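[1] Quick one: sequence and predicted model below, then my questions.
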Amino acid sequence: MMHRFTSTRAAAAIGAAAALALSLAGCSGTAGDAEEAPSVLRMGVITNLTSFAPWEASWANQSPYLQAVYDTILRADPDGTVVEGLATEWEWDDSRTVLTLKLRDDVTFSDGEKLTASVAADYLVRFRDGTSENAAYLAGMTSAEAPDETTLVITLGAPDPALPVYLTQNAGLVGSPAMFDAEDAQTTPVGSGPYTLDEDASVVGSSYVFDVNPDYWDSENVHYDSIEMSVFGDPTALMNAVKGGQLDATNTTNPTQSVEAEAAGYTAHAFELNWSGFLLFDRTGEVNPAFADVRVRQAFNYALDREGAIEAFDGGMGTATTQVFGPESSAYDEALDERYPHDPERSKELLAEAGYPDGLDIVMPSNNFVPEANFAINKEMLAAGGFNVSWEETGDDLFGRMLSGSWAAAPFLLQTDPTVWQTVQFLLLPDSTWNPFHVEDATINELAGIIRAGDGPEADAAAQDLNTYVVEQAWFAPTHRPSSVYLTNDATEVEVQVGNAVPYLWNIRPAK
Amino acid sequence: MLSFLLRRLVAGLLTVVTICVVGFFLLYANSSDVARRIVGDLASPEIVARKAEELGLDRPVVTQFADWVGGVFTGDLGRSWFSGQPVVAAISGRLPVTLSLTIGAVLLTAIVGVLLGVAAASRRGAVDRAVQTSSIVAAAIPGFLVALILALIFGIWLRWLPATGYVRPEDSLTGWLSTITLPVIALSIGAIASIAQQVRGSMVDALRLDYVRTLRAHGLPRHRVLYRHVLRNAAGPALSVLGLQFVVLFGGAVVVEQVFSLPGVGQTAVSATVGGDIPLVMGILVATAILVLVVNLVVDLLQAWLNPRMRMS
């Protein structure tokens, strides 16, 4: 009897302990609710921060961390229009190689130092010479000078119409001069931004707490008393946080997550940031001589079932396209998207005309960060058009090998930039990163020159001509622009940002 | 006892040194592309080279190792190559999370596992069968699945506890309890099954021994015989398993931290290893090795206290 009594008592004790734990947790839930005041934004982010040091900073998914604590020389509206930031006026000279900016005189950093044009100039030089993945943005900058306290003069070796855009991103970040020699610059930001980092409450790489800067010069654009950013490396954990109601706003790792999120009461804001498809690098036929023939590249385009690709790879979320320029760009022409309808027979005909009546063998890279099924689908789709694809497995060396010209073509996902010049610089010039065979084309060079030197109707017309030419020459074989999705709960509203994976911080607000 | 302790300490320290040497050179062998990984895919080769030089990756591996060892003696384990955070700060900020989970799981395992084991051994019959069956089922379910199910039921459907995140005890004790309850349960299920089986087996053997019959014949209450005499005799093997479970649970925390998005050492260890963040991985290796060494030492001491013959071996 005694034994029975003891066991019962032990079981009761465990039950009581569990009940206590749960009731404490329940209390904590209530406390948590109290903490979830409207003035706290709970944000999910899906990428770790590379560095708080502006000269090492990345952008895109990391922009929220940086925008919380820093200002940029210029800013961009949600539609990509460049607007005032730390600079209130800016002007190109006639040669379009000298940009003169007038900076605000009422900005101080969190350590009490005052913003001057000289500090901004030093940061530009430091960024150009630093280790940010985008340091090349300022590679053409020959000098950054401050003739007086509020005037900043940037001189370029050659015109770069995208410079103002770069100044709205990481290249335009300005911190206190004290950061230059600080050993902890990577983890301790000293900026003039709307918030300051609460280091004690933050765990590097996992969660960051930002407290409002009460003296911020642009208080109209500050919507919360504090921001809590939680990093989610795992998509399941991210969705659990969403479905558990633990986040007010977050981006997603996959647009198909929006279905679950909407079922949980969130609003999914879709936008298109990239283009997916194939890069047909080998336009001079160095690796695969067939690709020097434009008919082969056009055949490749005809072989693609773009609507099928959207369904198969992105759950039906995206827009079919043949263009590498985005719809916001002045180069975009909706009619071009009809240029290569899905027509495997036409593909075979073109291959036969080019001298490959029995089809063409091509080798392309596969990798382990895209589902294996995708490669099987692509192979089958291209086979119907006469292309016999062999996949060559790659690992971490994919980028290196692709950019050194190992394959004639490759499936890939690349960004669509907000300005035409950025896309030209990125993809089409002989020294562009994504032109690994350094193919030079006189027409492209000529049109690129017009775009580079101007920003009026002449440049816009050149952009349209350039896009038409590139599509006609089939330098690429895009299939679609996949949707990206940003999620907000009922208490939050947001405007997504053209050309960026995450809305800019001041465009996330409490719902009215 | 002192020489026993010294022998164990020396053996443990040699293990730690071996782990450090082997770990460093194995990691270095996989670090060729780390500068590229840090600066990103868009960076030019010049920027990659600048980063490699900044981190000292252009120096011979032996020089890098010597620098690292030199730092260890001054308590400086370097800075993370990816976040720039001092390694000591990175680990000390995250170790409490993983230790919260592991110690919580060990305690829960010890209490529930022992109670279930004793109940199965002493009652036998239906209770025994129930404990054995549920132990097999619990041991067979992968930890991540348990974690996901708990997060789904208690975090998402019922919203009794947070599905993700961590609150530090110094910020809110109840918040801390609420954030570690589900992860601790998820982590413990398999270990409880293992300890329950172990205790049951040892107790069943011990209950057959003559001295138990003698004690009972002398009229000692059953619970006193069970808990004071039989369990103490059966505790040795269970303690060994529990010590081993601590290490297993510490490793298992990786998955649980991932599912519940907890800022623990496990999650960091995985991302640092995948990325090639050698200073951070080495720091975690050292901390983990020392922790395991201490746990083993404590288990050995407890074993020796329970069984004096062990001190002689």
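    Arrived safely, thanks for sending. Here the structure is a predicted model, which is why all the values come from computation and not from measurement.

[2] Could you use CA atoms for every contact and neighbour count after this?
    Noted.

[3] Checking my notes, B:Phe24 in a strand, right?
    No - counting by DSSP: H, G, I helix; E, B strand; the rest coil, B:Phe24 is not part of a strand but helix.

[4] how many other residues sit next to the closest residue to it other than its chain neighbours?
    Distance criterion Cα to Cα, 6 or more residues apart in numbering or on different chains; nearest residue to B:Phe24, sequence neighbours excluded, is B:Met282 at 6.8 Å. By the criterion of other Cα atoms under 10 Å in any protein chain shown, B:Met282 has 24 neighbours.

[5] Quick check on B:Met282: phi, psi?
    Backbone torsions of B:Met282, given as degrees, to the nearest 10, read phi -60, psi -40.

[6] dump the residue contacts of A:Glu307.
    By Cα atoms under 8 Å, 6 or more residues apart in numbering or on different chains, the residues touching A:Glu307 are A:Gly316, A:Ala320.

[7] Find the helix or strand that it is a member of.
    helix A:306-314 (DSSP states H and E).

[8] how far does that helix sit from the chain's center?
    21 Å (Cα atoms, centre = their mean, to the nearest Å).

[9] Next SSE downstream of it?
    Following helix A:306-314 in sequence, per DSSP H and E, is strand A:318-320.

[10] so what secondary structure elements neighbour whichever helix or strand comes after that next one?
    Next helix or strand after strand A:318-320 toward the C-terminus (DSSP H and E): helix A:344-353. When contacts are defined as 3 or more Cα pairs under 8 Å, 6 or more residues apart in numbering or on different chains; DSSP states H and E, helix A:344-353 sits against helix A:294-303.

[11] Just want the angle from the helix it packs on to helix A:344-353.
    Calculated by axes from the mean of the first three to the mean of the last three Cα atoms, to 10 degrees, helix A:294-303 forms an angle of 160 degrees with helix A:344-353.

[12] Pull out the buried residues from helix A:294-303.
    A:Val294, A:Arg295, A:Val296, A:Arg297, A:Gln298, A:Ala299, A:Phe300, A:Asn301, A:Tyr302, A:Ala303 (16 or more other Cα atoms under 10 Å in any protein chain shown).

[13] got CSV for those, with distance to chain B and pLDDT too?
    Shown next, in CSV, are the buried residues of helix A:294-303 (distance: Cα to the nearest Cα, whole Å; pLDDT from 0 to 100):
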residue, distance to chain B, pLDDT
A:Val294, 29, 97
A:Arg295, 31, 97
A:Val296, 29, 98
A:Arg297, 26, 98
A:Gln298, 28, 98
A:Ala299, 30, 98
A:Phe300, 27, 98
A:Asn301, 27, 98
A:Tyr302, 30, 98
A:Ala303, 30, 98
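
[14] Please convert the residues you listed to CSV, extending it with distance to A:Asp184.
    Shown next, in CSV, are those (distance: Cα to Cα, whole Å):
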residue, distance to A:Asp184
A:Val294, 54
A:Arg295, 56
A:Val296, 54
A:Arg297, 51
A:Gln298, 53
A:Ala299, 55
A:Phe300, 51
A:Asn301, 51
A:Tyr302, 54
A:Ala303, 53
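
[15] Near chain A, which residues of the stretch 1-150 of chain B are found?
    Within the stretch 1-150 of chain B, the residues that sit near chain A (Cα under 8 Å from any Cα of the partner chain) are B:38-44, B:47-48, B:50-51, B:82-85, B:90, B:93-94.

[16] Could you tell me how far stretch A:284-301 lies from the centre of the chain?
    30 Å.

[17] which other residues reach that stretch?
    Here stretch A:284-301 makes contact (Cα under 8 Å, 6+ apart) with A:280, A:282-283, A:340, A:342, A:346-348, A:350-351, A:353-354, A:362, A:382, A:385, A:387, A:406-408, A:437, A:439, A:472-478.

[18] rerun that using 7 Å as the cut-off
    For stretch A:284-301, contacts defined as Cα atoms under 7 Å, 6 or more residues apart in numbering or on different chains pick out A:282-283, A:340, A:347-348, A:350-351, A:354, A:407-408, A:439, A:473-474, A:477.

[19] any low-confidence regions in the chain?
    Using chain A. A:1-38 (pLDDT under 70).

[20] wrong chain, I was asking about chain B
    B:1, B:306-313.

[21] tell me which residues of the helix holding A:Glu307 are tucked away?
    By neighbour count with 16+ other Cα under 10 Å, helix A:306-314 contains the buried residues A:Arg306, A:Glu307, A:Gly308, A:Ala309, A:Ile310, A:Phe313, A:Asp314.

[22] Does A:Thr97 touch A:Ala158 like I think?
    Yes - between A:Thr97 and A:Ala158 a contact is recorded at 5.8 Å, counting by Cα atoms under 7 Å.

[23] hmm, back to that, just give me the closest of the contacts of stretch A:284-301 to chain B.
    A:Trp407 (18.0 Å; Cα to the nearest Cα).

[24] circling back to that earlier point, next, give me the two most distant ones among the buried residues of helix A:306-314.
    A:Arg306 and A:Asp314 (11.4 Å; Cα to Cα).
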